[in-house]
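Engineer: no letters, just coordinates:
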DNA sequence: CTGAAAGCGCTTACAG
DNA sequence: CTGAAAGCGCTTACAG
């Protein structure tokens, strides 16, 4: 059986004063005498009194807890972002509940239901790839639970958003490949309908345009964010009669798959085919050859999304306008795309 | 402002009956007429009534929520285990709160405080490397909150435990290296004081003993579970006058570090030095050469720990005795330790 | 400065 | 079969 904890009632009984007075003394109300305050505070401390947050939640309809939904916690980008969320939440007195959507609309719905029922105060979310419909987020907002989007955003939801400059990141990666002398650059993109994928394809396309390289449909494939997805698409690309001399991967998982497939197939990177990806740097440096990467400030994205969210939670009125923050990505060149250099020994 | 949800009171008012009757009808109590039941249920449905779990928590001192503390969610082993926890919890009607200790006692304490305050119903935990003192878990137990250990266990806590047969896994890995002809086998172990590390060292030691190979202190180093840790220890080992011809790594992170360091240093695996680790297979297969691994059933460990926990939560009385489940690991041989084979082309 | 009362949303003995 | 009352742990107008 659960041991009962110390309550205000208990303190009141021991001190032979009323619950109201104890409660006020505990919150340091100005209308209580210093004398009683001290008595209450001392006893509370010696009894290890801690207010019951559940009672407070029931009273205030607030829980000092925020939710975060990501597609997958095992993904380095998201686990870093969660680190950023926890960092800000913790320092401002909130706790974090982590949910995984596994890219499924149904699990996203279930998380939202839990959030609404449990009176979570707000939500930071990277939308699942299969959520064309986002009514569940609108519903939360209508219930007064603010939602902030990060990474995967959508125009359909009016709120603060934090994302990376995917367009520019993809542009730079593609331009780098072109400057290395690549002429047949393929792109394995993330899931369709995801904002991130679309923006990256646009950046890729624009870089090709700038250098008058024709855009070819058969060189752009969509893939789930998995290693297997990257591998299969690579097989498909390299099987083409006119095969690419460079592949640009949209995520670290996908890019790992590309790397693996190319090695299986016996290609030399970067001599025969150059590779670059939107990657987790630690991981890509381990591979042979290390993969050039567009890296993203995941931790910082989590931080910024969370402080925007907490501002929404703590301000009474809806803000005049919502903000979209676009953070820069960073291009890190490694051996996998360095055609021109002397070989590393 | 938060929109008010439908309450029992509201339903009672609309139907002009008492709250008690509504409550009973909703829980399908046998003492309510079919007639009223139907009326209540119909209205509840059309109003999308859902009971307020916070009110229930306050009443029952239970939350239908379990906690799970792991050192790091970004670690594949733990994120898979969390998958197993969620799987069972979800199917038995519980929700999961995820906490990271980041191997820090302080953060573990903070998680336990939150668990106790928030009336979380039970806890699944892999103890942090810096928690020699485990009083906080004992305290939870004394408060009636059951705790189940997995992976990182300790004799100091009386409870159900789920772990892998680390001793046997390490024995087999070491024996495999010996059978490949390795004679100077080093071991980069995990943090001291962690049960897992100790057991693996024992298995390693016993395999050496079986084949009359002397155990040498300078060939066994402890490391945090990070890539950097593995790298540094590898430098240290290879700098020895009498350097090893095989390294056995205790975790995937450590083993990635070993792999990376050996490549940096210009050694050929497995010809000049063989490598094997306790690894995430997907990851180790990506490297060149792919790393032989002792793999662990992470998902299943999470599942088993959780069902043991839920049994504790749902049974009134403490069980007569606690159970320790030891799951087998699995040895997967890849190129990094295959000295005898013809070279792969 | 302090206390009694009402209420957050629910359940459950206790009456009838 | 149904309802009034008490209570989970807390806060906060309202009196005094």
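Structural biologist: Received, thanks. Just so it is clear, the structure is predicted and the values come from calculations on it, not from any experiment.
Engineer: the closest residue in space to residue A:298 that isn't next to it in sequence in helix, strand or coil?
Structural biologist: The shortest distance from residue A:298 to any non-neighbouring residue, by C-beta to C-beta, 6 or more residues apart in numbering or on different chains, is to residue A:80 (3.7 Å). From N, CA and C alone the C-beta is placed, and that goes for glycine too. Assigned by DSSP: H, G, I helix; E, B strand; the rest coil, the conformation of residue A:80 is helix.
Engineer: how about the residues of the stretch 51-200 of chain A by DNA strand C?
Structural biologist: With C-beta under 7 Å from any atom of the strand as the criterion, the stretch 51-200 of chain A meets DNA strand C at residues A:55, A:58, A:59, A:61.
Engineer: show the average pLDDT along the strand or helix carrying residue A:115.
Structural biologist: Per DSSP states H and E: residue A:115 is located in helix A:105-117. Averaging pLDDT along helix A:105-117 gives 89.
Engineer: which helices and strands does the next helix or strand after it pack with?
Structural biologist: For helix A:105-117, the following helix or strand on the C-terminal side (DSSP H and E) is strand A:122-125. Under the contact criterion of 3 or more C-beta pairs under 8 Å, 6 or more residues apart in numbering or on different chains; DSSP states H and E, strand A:122-125 touches strand A:65-70, helix A:135-142, strand A:147-150, helix A:298-314.
Engineer: in a markdown table, list these along with mean neighbour count and mean pLDDT.
Structural biologist: As requested, these are exported to a markdown table (neighbours: other C-beta atoms under 10 Å in any protein chain shown; pLDDT from 0 to 100):
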| stretch | mean neighbour count | mean pLDDT |
| --- | --- | --- |
| strand A:65-70 | 26 | 94 |
| helix A:135-142 | 16 | 92 |
| strand A:147-150 | 27 | 97 |
| helix A:298-314 | 22 | 95 |
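Engineer: which stretch among those comes nearest residue A:212?
Structural biologist: Comparing those against residue A:212 with C-beta to C-beta, the closest turns out to be helix A:298-314 (34.6 Å).
Engineer: give me the residues contacting that closest one.
Structural biologist: With C-beta atoms under 8 Å, 6 or more residues apart in numbering or on different chains as the test, helix A:298-314 has contacts from A:66, A:68, A:76-78, A:80-89, A:92, A:94, A:121-124, A:146-151, A:160, A:162-164, A:319, A:323, A:325, A:327.
Engineer: same question, stretch A:164-174
Structural biologist: Outside stretch A:164-174, the residues that touch it by C-beta under 8 Å, 6+ apart are A:151, A:185, A:187, A:195-196, A:199-204, A:206-208, A:248, A:276, A:278, A:292, A:294, A:296-297, A:301, A:326-329, A:331.
Engineer: which of the residues you listed count as buried?
Structural biologist: A:151, A:185, A:187, A:195-196, A:199-201, A:203-204, A:206-208, A:248, A:276, A:278, A:292, A:294, A:296-297, A:301, A:327, A:329, A:331 (16 or more other C-beta atoms under 10 Å in any protein chain shown).
Engineer: looking at those, which are in helices?
Structural biologist: Of these, the ones assigned to helices by DSSP state H are A:195, A:196, A:199, A:200, A:201, A:203, A:204, A:206, A:207, A:208, A:301.
Engineer: and of those residues, the nearest to DNA strand D?
Structural biologist: Distance to DNA strand D, by C-beta to the nearest atom of the strand, is smallest for residue A:301 among those, at 34.7 Å.
Engineer: residues touching the residue in the stretch 151-300 of chain A positioned nearest to DNA strand C, list them.
Structural biologist: In the stretch 151-300 of chain A, the residue that lies nearest DNA strand C is residue A:159 (25.6 Å; C-beta to the nearest atom of the strand). Going by C-beta under 8 Å, 6+ apart, residue A:159 touches A:141, A:146, A:147, A:148, A:149, A:322.
Engineer: same list, those, but only the ones touching DNA strand D.
Structural biologist: When C-beta under 7 Å from any atom of the strand is applied, no member of these is adjacent to DNA strand D.
Engineer: re the thing from before, and the angle for the helix holding residue A:115 with helix A:135-142?
Structural biologist: 10 degrees (axes from the mean of the first three to the mean of the last three C-alpha atoms, to 10 degrees).
Engineer: which helix or strand contains whatever residue of the stretch 151-300 of chain A ends up closest to chain B?
Structural biologist: Going by C-beta to the nearest C-beta, chain B is nearest to residue A:288 of the stretch 151-300 of chain A, at 4.3 Å. Under the criterion DSSP H and E, no helix or strand holds residue A:288.
Engineer: fine, thanks again, bye for now.
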